[in-house]
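Q: The sequence and its predicted three-dimensional model are supplied below.
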Amino acid sequence: MFRSYLSTTIKNRVRLTSTTFRLRPTTTLLKKYSNKQTTMRYLNQKESAELDALMMNDENSLISEQLMEIAGQGCAKVIFHQYPLHSFKRIAIVIGPGHNGGDGFVCGRILHQYGYHVECFVIRRSTNPLLVALEKGCVSHDLPIHHLYDDSSSFDFKSNFDVVVDAVFGFSFDASRVIRDPYRSILESFANLQLPIVSLDVPSGYNVDIDLQQSSASTFFVPDTLISLSSPKICSKSFKGNHYLAGRFVPSKIAKRFGLDKLPPYKGCSDFIQF
């Protein structure tokens, strides 16, 4: 009798389950998500500067340290995802004099915590207290720091590293200026590395307002991976490499103002999006 009862119960549950999964809610949910419109929004240099200024005004009260920490952490997570530790152990971070360099210091420190062998190459001595503090933070974590302004011949990336991170110039770079040494020789060296190059926010030396296919700076190098911060920039429109978005810190009302709410959404607690 127990066997008969058990058999009947199982059949009823299977019948109920089968009926449930034949209903429409699953299809409806798929339609709901497939109908959600996402578009790529590319900011120019002026918009990028305005976006940064709005995030740090009195109303939103974000500060440079916060933005760099979140941006650098997002970049580190992208690199961990794209370049696994077991295959790309040694990473060089090439640090410029501005906020892009600050993102590079944070990224390097966190990659070191993830287990990578990271070395930072600082192109120019900075008087910015924030960058000085970020460099000290890397030193306290035992990251080797190379000052290229003391010995410009010390950047042999090709022999000693598996990945090079370009944190030289950010979106505020003035493309009307002639790029001089040591920056020029370093950017030119990137073209001959035959190593993966990861650019933070924009490839260094590019005109933010000109698509990379039309940029004269592309004669220096084209990165393998680009990690846009806050939003993709115009110069990345035709980028064909690995393209990510990090910098998950834009307040929703500002995102709407710049059309960033139409970008593909971050998933769950992820700090980056892969386009």
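A: Nice, I can see it. Residues are numbered from 1 along each chain as shown.

Q: what about R257, distance to F220?
A: For R257, the distance to F220 (Cβ to Cβ, to the nearest Å) stands at 34 Å. Where C-beta positions appear, they are placed from N, C-alpha and C, glycine not excepted.

Q: Repeat that for L260.
A: L260 is 29 Å from F220, by Cβ to Cβ.

Q: can you give me the strands for the stretch 51-200 of the chain?
A: 90-95, 117-122, 145-147, 163-167, 197-200 (DSSP state E, counting those that start in this stretch).

Q: got these as a markdown table, with distance to V106 columns?
A: Listed next are the strands of the stretch 51-200 of the chain as a markdown table, based on distance: least, Cβ to Cβ, whole Å:
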| stretch | distance to V106 |
| --- | --- |
| strand 90-95 | 10 |
| strand 117-122 | 11 |
| strand 145-147 | 14 |
| strand 163-167 | 10 |
| strand 197-200 | 10 |
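
Q: could those strands be laid out in JSON lines, adding mean pLDDT, mean neighbour count and distance to N207?
A: JSON lines is the format used below for the strands of the stretch 51-200 of the chain (pLDDT from 0 to 100; neighbours: other Cβ atoms under 10 Å; distance: least, Cβ to Cβ, whole Å):
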{"stretch": "strand 90-95", "mean pLDDT": "97", "mean neighbour count": "26", "distance to N207": "20"}
{"stretch": "strand 117-122", "mean pLDDT": "96", "mean neighbour count": "23", "distance to N207": "24"}
{"stretch": "strand 145-147", "mean pLDDT": "93", "mean neighbour count": "16", "distance to N207": "29"}
{"stretch": "strand 163-167", "mean pLDDT": "98", "mean neighbour count": "28", "distance to N207": "16"}
{"stretch": "strand 197-200", "mean pLDDT": "98", "mean neighbour count": "28", "distance to N207": "14"}
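
Q: And these: which comes nearest I186?
A: Minimum separation from I186 across the strands of the stretch 51-200 of the chain (Cβ to Cβ) falls at strand 90-95, 6.6 Å.

Q: list the helices and strands the closest one packs on?
A: Applying 3 or more Cβ pairs under 8 Å, 6 or more residues apart in numbering; DSSP states H and E, we find strand 90-95 packed against helix 99-114, strand 117-122, helix 157-160, strand 163-167.

Q: Just the pLDDT for L212.
A: Turning to L212, the model gives it a pLDDT of 76.

Q: Same question for K77.
A: 98.

Q: from what I can see it touches D271, true?
A: Yes - if you go by Cβ atoms under 8 Å, K77 and D271 touch, sitting 5.1 Å apart.

Q: Where does E47 sit, in terms of helix or strand?
A: helix 45-55 (DSSP states H and E).

Q: what comes into contact with that helix?
A: 43, 60, 62, 67, 171-172, 208-209, 230-231, 233, 249-251, 254, 257-258 (Cβ atoms under 8 Å, 6 or more residues apart in numbering).

Q: give the contact list for N160.
A: 90, 92, 119.

Q: circling back to that earlier point, just want the angle from the helix holding E47 to helix 99-114.
A: 70 degrees (axes from the mean of the first three to the mean of the last three Cα atoms, to 10 degrees).

Q: The closest residue to F80 other than its chain neighbours - how many residues pack around it?
A: Spatial nearest neighbour of F80, excluding adjacent residues (Cβ to Cβ, 6 or more residues apart in numbering): Y114 at 5.6 Å. Counted by other Cβ atoms under 10 Å, the residues lying close to Y114 total 13.

Q: On the pLDDT front, check Y114 for me.
A: pLDDT, Y114: 98.

Q: wait, doesn't it sit right on C75?
A: No - checked against Cβ under 8 Å, the pair Y114 and C75 is beyond contact range at 11.9 Å.

Q: Indicate which one of the strands of the stretch 51-200 of the chain is closest to T39.
A: strand 197-200 (23.0 Å).

Q: Next, the angle strand 163-167 makes with the following helix or strand past that closest one.
A: Per DSSP H and E, strand 197-200 leads on to strand 225-229 as the next helix or strand towards the C-terminus. Per the same axes, to 10 degrees, the angle that strand 225-229 makes with strand 163-167 is 30 degrees.
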